[in-house]
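# Next one to model:
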Amino acid sequence: MAASTRPRTYSQARDTFSTNRELGWWVFMRVSGLFLVFLVGAHVFFNNILVDAGTIDYAYVAERLAKPWVKIFDSFLLGFALLHGVNGLRYSIEDYFRRPSTRFWLKTALFVVAGALFVVGVMTLWAFSFEEMGDAIRNLTPPQ
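The predicted structure follows:
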């Protein structure tokens, strides 16, 4: 489907897409885009406005990531941003690659890379003790 004929309203999307799956992704892009505006705005507010960005160091990040609500917030931010971006790339693959086999392999690679990035990102947020890592890093640097 050419970019100029993309539906702009829900009723146009319902008429255009032949499957409920595509309609679901169309709705998801609108909802996730709205959520991302608020999630990114809150992230910027908490990290750049409430706190002087020039004073952020490892101790601040470790203290912040020790709070479960921050991990949940950052997990949602990662998930929505990754899914939103991957779905946009999926649309681009559909638009620019005409051979079905090429589209299949490109989308397969895209989904594998996105899945790996999500797993590594969530593991980084939830599996590590940032206080212990900070102590280990401080012990590696020579005293001044």
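# okay, CA-based contacts and neighbour counts for the rest of this
Noted.
# Mean pLDDT per helix and strand in the chain: which one sits at the bottom?
Lowest by mean pLDDT, DSSP states H and E among the helices and strands of the chain is helix 130-140, with a mean of 69.
# how much space between residue 73 and residue 101?
Using C-alpha to C-alpha, to the nearest Å, residue 73 is found at 38 Å from residue 101.
# These two: which has the busier surroundings?
Between residue 73 and residue 101, counted using other C-alpha atoms under 10 Å, residue 73 has the larger neighbour count: 14 against 10.
# Could you check how far the strand or helix carrying the more buried one is from the centre of its chain?
In this assignment (DSSP states H and E), residue 73 forms part of helix 68-96. The chain centre lies 3 Å from the centre of helix 68-96; the measure is C-alpha atoms, centre = their mean, to the nearest Å.
# Repeat that for stretch 26-42.
A distance of 11 Å separates the centroid of the chain from that of stretch 26-42, by C-alpha atoms, centre = their mean.
# just stretch 53-61 next, same as before
With C-alpha atoms, centre = their mean, you get 22 Å for stretch 53-61.
# One more: stretch 105-116?
Centre to centre, stretch against its chain (C-alpha atoms, centre = their mean), the figure for stretch 105-116 is 14 Å.
# got the CA positions of that stretch in PDB?
The C-alpha trace of stretch 105-116 is given here as PDB (Å, rounded to 0.1, in the frame of the first residue of the first chain):
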ATOM      1  CA  TRP A 105      13.600 -12.700   5.700                       C
ATOM      2  CA  LEU A 106      14.000  -9.000   6.400                       C
ATOM      3  CA  LYS A 107      11.000  -9.100   8.800                       C
ATOM      4  CA  THR A 108      12.300 -12.300  10.400                       C
ATOM      5  CA  ALA A 109      15.700 -10.600  11.000                       C
ATOM      6  CA  LEU A 110      13.900  -7.500  12.300                       C
ATOM      7  CA  PHE A 111      11.800  -9.500  14.800                       C
ATOM      8  CA  VAL A 112      14.700 -11.600  16.000                       C
ATOM      9  CA  VAL A 113      16.900  -8.500  16.600                       C
ATOM     10  CA  ALA A 114      14.000  -6.600  18.300                       C
ATOM     11  CA  GLY A 115      13.300  -9.600  20.500                       C
ATOM     12  CA  ALA A 116      16.900  -9.900  21.500                       C
END
